[in-house]
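>>> A predicted structure for the sequence below; I have some questions about it.
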Amino acid sequence: MSTELLKRSFYKAIEDFPIFAGRLRQVKTGKLEIIVDSNDLNLPNFTEILSNLDFTEFEAANLNPALLPNSAVKPTALFTGGFQEGNIKLADIRIVRFKNDGGVVLSVAVGHVLVDGCGFEMFMHRWAKINNMLVADSKATDFGVSNVVHNRSILQRVVPTPQEPPLSLLQKIYIPSGYLSRLVAWLSPGIRGKIVEYIHASAVISISCFHLSREKIDQLRQSAKKTSATDKHISENDILMAVITIAYGQSILKHKSEHANSGLTSWLKSAIFGSSSKNPKSFATLEAVDIRHRIPNANLENYSGNSAISMMVHSPIELLQMPVSSEILAQVALGVRKSTNGVTSEYIAQVVHEAESESDFVSRPLVHNTFVAERLMVTNLSRFTFYTTDFGWGVPQFVGPVNAKFPKIATFFPAHPSKGGIYIHLNDYSNILQYMRTNSFWAGISDFVY
């Protein structure tokens, strides 16, 4: 795989995704804009890194990214770069080449302000298509026309005006505002990023990967459907959300009971979230929901921007503490289904309206996810077609996330077609991951990968 060819095709693909070369600007509290100036482009970094590792060694370790050089990964949970660099880079590409040219890893770090998961998939397919054409003919110049839409104002045009009073729905089902979230929203993107990096720099945050086979997923789903007291539909996503909520919730509760918070951490939580943070009644799973097909008469199929919004799924802690059975699994899954169905046109309208206003709306999940133990952010990318992304040298052997250095994040990725099933990647503190590995329910349905 030629690095020069990858670099050439990458910058060619950016012509169809100009926002990748834009500059981030905060125009008011909590409100960010991407400015693209053809005379002042902010081109992403593109770096090649040579590894002392042979690919066979990497393969023997189940492709564990922890074996890659530290410089191989640029975490971008929010954005890349910082105020000390002068300009925040919105994307960062690193090509890790194994010893004896045995293979490469493409480390593609893209700030969430650019695209959501669907937009990222669009970009990777476009980049691969251009590179594939260059592999066949290095002098190729006609790569076709991309139909991707980047204009962020499209949501304002297709999303209806909220009918209910502003925030009437969000106050019930979304994260409430607070002093700290308002402070974080007020800070500039660069300073905010540096503070987050500093907070997590000393924390031992790792990433673990688990595999759920197709047979096990189907078995769990059928079991929940048979024991459900209603005839409501239970989707695969409902089951995946339910099993990660149960296993992670049990792990967190066990860790909390054995390592009670005290001192400054306990005081901060009480000061920010009130006494309810000490003994919450429910475990909150923050689910990313794609709204592309949830707005009537809106053609968002080719929209690259953030059209994924969050929905909170609350599961009673009392329920999670019970022995896991098909009935418990069905109850949690139906809770997920109810919350997902709650992403109506009115809810979407209120989310978009609030996100466009001058508020701390976007910073609330970050603050709460940092301080509240009984919480998990989940993104399901298991239906994405990453394994059809051929750069001209064959499809990838493995696709997964980098360690974003943020705790309490779960991401579902498809496994290679030859293996089937789904990989669940979990970013968290090392001690929490150990509790997860030893959870009897989780160990019984998944296989530990790394």
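Yep, that arrived. Computed from a predicted structure; not experimentally measured.
>>> CA atoms for contacts and neighbours, from now on please.
Fine.
>>> burial check on the nearest residue to C118 once chain neighbours are set aside, number of neighbours?
In this structure, C118 finds its nearest non-sequential neighbour in S304, 6.7 Å apart by C-alpha to C-alpha, 6 or more residues apart in numbering. Neighbour count of S304, defined by other C-alpha atoms under 10 Å: 23.
>>> ramachandran angles for S304?
phi -90, psi -20 (degrees, to the nearest 10).
>>> thought it was touching E121?
No - the criterion here is C-alpha atoms under 8 Å, and S304 misses it with E121 at 9.1 Å.
>>> okay, helices next: where are they in the stretch 101-250 of the chain?
Assigned by DSSP state H, counting those that start in this stretch, the stretch 101-250 of the chain shows helices spanning 117-136, 154-158, 170-173, 179-186, 189-201, 214-227, 236-258.
>>> ok, the closest residue to Y303 other than its chain neighbours - contacts?
Spatial nearest neighbour of Y303, excluding adjacent residues (C-alpha to C-alpha, 6+ apart): V149 at 4.7 Å. Contact analysis of V149 by C-alpha atoms under 8 Å, 6 or more residues apart in numbering lists 302-304.
>>> from R126, how far off is V149?
Counting by C-alpha to C-alpha, to the nearest Å, the gap from V149 to R126 is 13 Å.
>>> these two touch, right, D238 and A333?
Yes - using C-alpha under 8 Å, D238 makes contact with A333 at a distance of 4.9 Å.
>>> burial measure for H353, as a count.
H353: 18 neighbours (other C-alpha under 10 Å).
>>> would you agree it falls within a helix?
Yes - looking at H353 with DSSP: H, G, I helix; E, B strand; the rest coil, it is inside a helix.
>>> show me the contacts for it.
For H353, the contact set (C-alpha under 8 Å, 6+ apart) comprises 161-162.
>>> show the model's pLDDT score for it.
On pLDDT, H353 comes in at 79.
>>> pLDDT at the spatially most central residue of the chain, what is it?
By C-alpha atoms, centre = their mean, the chain has its centre lying nearest to T379, at 5.0 Å. You'll see T379 listed with a pLDDT of 93.
>>> returning to that earlier point: what about D238 and A333, which has more around it?
Neighbour totals were compared for D238 and A333, and A333 leads with 30 against 21 (other C-alpha under 10 Å).
>>> do I have it right that the more buried one meets I239?
Yes - contact criterion C-alpha under 8 Å: A333 and I239 qualify, at 5.5 Å.
>>> give me the spatial nearest neighbour of G102, chain neighbours excluded.
Using C-alpha to C-alpha, 6+ apart and skipping residues adjacent in sequence, the residue nearest G102 is F55, 5.6 Å away.
>>> ok, the one you found - contacts?
By C-alpha under 8 Å, 6+ apart, the contact set of F55 is 98-99, 102-103.
>>> go again using 7 Å as the cut-off
Taking C-alpha atoms under 7 Å, 6 or more residues apart in numbering, we find F55 in contact with 98, 102-103.
>>> following the lowest-mean-pLDDT helix or strand in the chain, which helix or strand comes up?
The weakest-scoring helix or strand in the chain, judged by mean pLDDT, DSSP states H and E, is helix 263-273 (a mean of 51). Of the helices and strands lying after helix 263-273 in sequence (DSSP states H and E), the nearest is strand 282-290.
>>> got a list of contacts for that next one?
Strand 282-290 is contacted from outside by 245, 249, 307-317, 374-379, using C-alpha under 7 Å, 6+ apart.
>>> 8 Å instead, please
Around strand 282-290, the neighbours that count as contacts under C-alpha under 8 Å, 6+ apart are 245, 249, 307-318, 340, 343, 374-380.
>>> any chance of a PyMOL selection covering the buried ones in those residues?
PyMOL command restricting those to the buried ones, with burial defined by 16 or more other C-alpha atoms under 10 Å:
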select buried, resi 245+249+307+308+309+310+311+312+313+314+315+317+340+343+374+375+376+377+378+379+380
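>>> most distant residue from the centre of the protein?
Counting by C-alpha atoms, centre = their mean, the extreme residue of the chain relative to its mean C-alpha position is K139, 37.0 Å from that point.
>>> how near is that residue to R364?
For K139, the distance to R364 equals 49 Å [C-alpha to C-alpha].
>>> just to revisit the earlier point, ok, of the contacts of V149, which one's closest to H425?
Ranked by distance to H425 (C-alpha to C-alpha), the contacts of V149 are led by S304 at 23.9 Å.
>>> can you check the pLDDT for the closest one?
pLDDT recorded at S304 is 90.
>>> before we move on, what about L114?
At L114, pLDDT is 86.
>>> how about E164?
The model reports E164 with a pLDDT of 71.
>>> what's near enough to touch it?
Contacts of E164 (C-alpha under 8 Å, 6+ apart): E346.
>>> repeat the analysis, applying 10 Å as the threshold.
Shown in contact with E164 (C-alpha atoms under 10 Å, 6 or more residues apart in numbering): 346-347, 349-350.
>>> if I look at it, how far off is H353?
Distance of E164 to H353, given as C-alpha to C-alpha: 12 Å.
>>> same question, G249
As judged by C-alpha to C-alpha, G249 and H353 stand 32 Å apart.
>>> excluding chain neighbours, what is closest to R25?
Going by C-alpha to C-alpha, 6+ apart, R25 has E33 as its nearest residue, at 5.2 Å.
>>> I'd say that neighbour and V27 touch.
Yes - with contacts counted by C-alpha atoms under 10 Å, E33 reaches V27, the gap being 6.9 Å.
>>> so for those two, which sits in the more crowded spot?
The neighbour count for E33 versus V27, taken as other C-alpha under 10 Å, is higher for E33 (15 against 11).
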